[in-house]
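Visitor: Pasting the sequence and the predicted coordinates here, then a few questions.
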Amino acid sequence: MTPFKKVMLFCHRWLGFISGLVVFIVSITGCIFCFQDEIQDAVYDYRTVESHGKPYLNPSQLIAVAKQNYPKASPDYIYYYGEKRPASVLANTGKDGYMYIFMNPYTGQITHTETPQTNFFIIVEYIHLYLLMPPEIGRWIVGVSVIIFMVIMITGLILWWPKRKSDRKRSFTIKWGGRWRRVNYDLHNVLGFYATSIAIILSISGLAIAFEPVSKAIYNTANIGRDIKYEEEVTEPKSDSLKKAGVADKPVVDIAFAHARQQSPHAEMYLIHNDPAPSGAIGAGAYPKSMRYAYASGYEFDKYNGKVLKTYAYDKKSPGLKLMEMNYDIHVGQIGGITTKIIAFLASLICASLPITGFIIWLGKRKKSKSKTSKVRNAVHHKTHRRQMQVS
């Protein structure tokens, strides 16, 4: 082995020891989360409703239902998930945190309530993001481990890549008929190779979700050569809190929802956000696919007079903003539908297996090394003993 590869092996091995447990936890939780929508749809009845040709209730009506049942709650987000899906109000209940209030969007009947900390998949998501630690601590532990994992994948690729062309075919396949240690070795190397490109994409998109500087770097990279400033395109406008007298003739959340539906009539999902701050705006997002967050258009409104403050039409967004807003869908594998979900699932499963198969390889080599050392010592002792006998 060349000195360069010895350095690569040292880095690969010890960085694996450092990050292995976190990589396993993050990968296996990511694997579980991939099909969370499909699993919840199959398990929970409240996630589907019948429309019967009725129109949606306005956001103000859903807010009124939420306030009637939970007077102290502040309904900050209103979701319309789709024609055959419920609406939900995400309300801030103060010291008890947020609560999801699911309703029939055509009748206003409450069908289900839950706090995020009681939903299994949200717990899985928190483990994935923060290891159930305080967010500021857990995010850094996960982030550093993911960066280390990316280095491990690259060093592993360098170590594995066959020198001779004649060896490449054999190196790209798993020898299932071999001994179990050989199969484990192939599982680590071959599956690791096939998962590398997807794993790096998932890692970068995850880092972009967790850390704004990474997201901003992706934005700037995609906008190279364009005179576009991140702050100008992304910063949300403010309502004029000094002109509260100019109240609109109807609830601004209803104005925002109607405008979003008019401008994006083919959208399946809508999100209305009522920023509770005095200068906060009311935003309406329109999403082409239900439960998908890419390719969206957005609209911001003054919360006092209903005036449109800013429009984020999808076709007018910069390539950087479009790519940045795809991060979540890319990361969970839903960007291309069920096919990319399966790919993300398998890649995450492979990533979860790599620390285990790698540890088994290291353990086997360690035992083999000890065995060889023991045989050498026995041979030396035997020869020395014979010489002593001959002398005597």
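Guide: Sure, I can see it. Residues are numbered from 1 along each chain as shown.
Visitor: For stretch 322-336, list every residue counted as buried.
Guide: When burial is assessed from 16 or more other Cβ atoms under 10 Å, stretch 322-336 yields the following buried residues: 322-335. The C-beta positions use only the backbone N, C-alpha and C, and glycine is treated the same way.
Visitor: Okay, now the unreliable bits of the stretch 251-392 of the chain?
Guide: Across the stretch 251-392 of the chain, the ranges flagged by pLDDT under 70 are 367-392.
Visitor: and if we set it to 80?
Guide: Scanning the stretch 251-392 of the chain for pLDDT under 80 picks out the ranges 365-392.
Visitor: ranges for the helices of it?
Guide: Remark: helices assigned in the stretch 251-392 of the chain by DSSP state H, counting those that start in this stretch are 252-263, 319-325, 327-331, 338-391.
Visitor: about what we covered before: so which of the buried residues of stretch 322-336 comes closest to Gly298?
Guide: Glu325 (9.4 Å; Cβ to Cβ).
Visitor: these two touch, right, the closest one and Ala294?
Guide: Yes: Glu325 is within contact range of Ala294, at 6.1 Å (criterion: Cβ atoms under 8 Å).
Visitor: Which positions in stretch 192-202 come out as buried?
Guide: Within stretch 192-202, the residues that qualify as buried are Gly192, Phe193, Ala195, Thr196, Ile198, Ala199, Leu202, counting by 16+ other Cβ under 10 Å.
Visitor: Would you map the strands across the stretch 201-350 of the chain?
Guide: In the stretch 201-350 of the chain, the strands defined using DSSP state E, counting those that start in this stretch lie at 269-274, 282-287, 297-301, 308-312.
Visitor: And the last one, what does it pack against?
Guide: Judged by 3 or more Cβ pairs under 8 Å, 6 or more residues apart in numbering; DSSP states H and E, strand 308-312 is in contact with strand 297-301.
Visitor: Residues contacting the strand it packs on, please?
Guide: 236-237, 252, 255-256, 259-260, 263-264, 267, 281-286, 307-314 (Cβ atoms under 8 Å, 6 or more residues apart in numbering).
Visitor: can you do 6 Å?
Guide: 237, 252, 256, 259-260, 264, 281-286, 308-314 (Cβ atoms under 6 Å, 6 or more residues apart in numbering).
Visitor: Mind checking which of the buried residues of stretch 192-202 are in strands?
Guide: Counting by DSSP state E, the buried residues of stretch 192-202 place none of their members in strands.
Visitor: Redo those as JSON lines? Include pLDDT and distance to Lys54.
Guide: Conversion of these to JSON lines gives the following (pLDDT from 0 to 100; distance: Cβ to Cβ, whole Å):
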{"residue": "Gly192", "pLDDT": "91", "distance to Lys54": "53"}
{"residue": "Phe193", "pLDDT": "91", "distance to Lys54": "54"}
{"residue": "Ala195", "pLDDT": "93", "distance to Lys54": "47"}
{"residue": "Thr196", "pLDDT": "93", "distance to Lys54": "50"}
{"residue": "Ile198", "pLDDT": "95", "distance to Lys54": "43"}
{"residue": "Ala199", "pLDDT": "95", "distance to Lys54": "46"}
{"residue": "Leu202", "pLDDT": "96", "distance to Lys54": "41"}
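Visitor: Between these, which sits nearest Val43?
Guide: Leu202 (25.6 Å).
Visitor: how close does that closest one sit to Asp41?
Guide: Distance, Leu202 to Asp41, using Cβ to Cβ, to the nearest Å: 23 Å.
Visitor: can you list the domains in the chain?
Guide: 1-49+115-228+331-392, 54-105+241-317 (automatic domain parsing).
Visitor: So which of these is the most surrounded?
Guide: domain 54-105+241-317 (a mean of 18; mean count of other Cβ atoms under 10 Å).
Visitor: Ends of that one, what's the gap?
Guide: 34 Å (Cα to Cα, to the nearest Å).
Visitor: ok but Ile78 is inside a strand, no?
Guide: Yes: counting by DSSP: H, G, I helix; E, B strand; the rest coil, Ile78 is part of a strand.
Visitor: Tell me the bridge partners for it.
Guide: Val89, Ile272 (DSSP bridges).
Visitor: wait, it sits on Leu271?
Guide: No: with contacts counted by Cβ atoms under 6 Å, Ile78 stays clear of Leu271, the gap being 7.3 Å.
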